[in-house]
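Trainee: Pasting a predicted model and its sequence here:
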Amino acid sequence: MFKTVLFPIDQSREAREAADVVTNVVQKYGSRLVLLSVVEESPADAPSADPMVSSEVVAKLLENAQSLFSGQGIQAEILEREGKPAFTICDVADDIGADLIIMGCRGLGLTEEGAGDSVTTRVINLSPCPVLIVP
């Protein structure tokens, strides 16, 4: 049913909590797992890159996630992309033929004021496949 699962990750607690759901789904369906981290493009006039999202930090995050899943007997592919997170997640889902996107939710978008800022809401609206949100 879910041959390919895309799991966009960041350093949030919600992403870590969603990993259990990802493990269960991937093991149940024998899915291919693709881990994605998106580094948001910084404007050209920005003073300097945020050290929290440097390529080294993102690479380490992806390696740690890959190791976590490996410990559960799951082989995971890793991808790092640069761009606007929601658009990039949906583009990658389309490119890899994802059957499901699983992502954590930080709670933004639950109010009218936060709806426009929520990556989760944008992914739900733009995704080429079903999206499972883990609260």
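Mentor: Sure thing, it's come through.
Trainee: And the closest residue to residue 99 other than its chain neighbours, what's its pLDDT?
Mentor: Using C-beta to C-beta, 6 or more residues apart in numbering and skipping residues adjacent in sequence, the residue nearest residue 99 is residue 2, 4.6 Å away. For glycine as for every other residue, the C-beta is placed from the backbone atoms N, C-alpha and C. Looking at residue 2, its pLDDT reads 96.
Trainee: ok, residue 2 to residue 132 distance?
Mentor: Going from residue 2 to residue 132 by C-beta to C-beta, to the nearest Å gives 9 Å.
Trainee: which of these two has more neighbours?
Mentor: With neighbours defined as other C-beta atoms under 10 Å, residue 2 and residue 132 compare such that residue 2 has more, 18 against 15.
Trainee: can you pull the contacts of that one?
Mentor: 25, 29, 31, 99-100 (C-beta atoms under 8 Å, 6 or more residues apart in numbering).
Trainee: ok, now residue 84?
Mentor: Applying C-beta under 8 Å, 6+ apart, we find residue 84 in contact with 38, 40-41.
Trainee: just residue 68 next, same as before
Mentor: So residue 68 contacts residue 19 (C-beta under 8 Å, 6+ apart).
Trainee: Please report phi then psi for it.
Mentor: Main-chain torsions, residue 68, degrees, to the nearest 10: phi -60, psi -50.
Trainee: Quick check, pLDDT for it.
Mentor: Note for residue 68: predicted pLDDT of 94.
Trainee: before we move on, what about residue 82?
Mentor: At residue 82, pLDDT is 93.
Trainee: Pull the most distant pair out of the contacts of residue 2.
Mentor: 25 and 99 (10.3 Å; C-beta to C-beta).
Trainee: if I look at these two, which residues touch both of them?
Mentor: The contact lists of residue 25 and residue 99 share 2, 5, 31, where a contact means C-beta under 8 Å, 6+ apart.
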